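Enquirer: Please find the sequence and the predicted model below.
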Amino acid sequence: QVQLVESGGGLVQPGGSLRLSCAASGSISRINAMGWYRQAPGEQRELVAVITSGGNTNYADSVKGRFTISIDNAKNTVYLQMNSLKSEDTAVYYCNADIKIRYGPTGNYWGQGTQVTVSS
């Protein structure tokens, strides 16, 4: 009933920038929060950044000052602007959303993931 579609991943050199997007669609009544997680090979999935529909944000310490999360409530889309990328940012990035569906409960949803590779 809800789909999250990510875009914007790719290969970038250290110090470069990328912008990830994630659009939510389906039978959506209200989006409470959207965020980004990442998982590097052999590592656990970790929170990168999260934003509420009201604009409150939270970031992992490792990305503070380099990444910016934003939300367009009219488009049900969350963005992650990633600057000053480092090799350790290489991972699959997953969109996550906490969504109340129409005539149904609030659920937690995941996108399919998009690869970000930082390498020279």
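Expert: Thanks, I have the structure now.
Enquirer: dump the residue contacts of the closest residue in space to residue 16 that isn't next to it in sequence.
Expert: Nearest residue to residue 16 in three dimensions, chain neighbours excluded: residue 85, at 5.4 Å (CB to CB, 6 or more residues apart in numbering). Glycine gets a C-beta too; all of them are placed from N, C-alpha and C. Neighbouring residues of residue 85 by CB atoms under 8 Å, 6 or more residues apart in numbering: 12, 14-18, 66, 116, 118.
Enquirer: Apply 7 Å and report the result again.
Expert: Each residue near residue 85 by CB atoms under 7 Å, 6 or more residues apart in numbering is listed here: 12, 14-18, 118.
Enquirer: All the strands of this protein, residue numbers only.
Expert: Secondary structure of the chain (DSSP state E): strands at 2-7, 10-12, 18-26, 28-39, 46-52, 57-59, 67-72, 77-82, 91-101, 106-110, 114-118.
Enquirer: I'd like these as CSV, with mean pLDDT and mean neighbour count appended.
Expert: Output for the strands of the chain, formatted as CSV (pLDDT from 0 to 100; neighbours: other CB atoms under 10 Å):
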stretch, mean pLDDT, mean neighbour count
strand 2-7, 96, 17
strand 10-12, 98, 14
strand 18-26, 98, 18
strand 28-39, 97, 19
strand 46-52, 98, 18
strand 57-59, 98, 16
strand 67-72, 97, 18
strand 77-82, 98, 22
strand 91-101, 97, 20
strand 106-110, 96, 13
strand 114-118, 98, 18
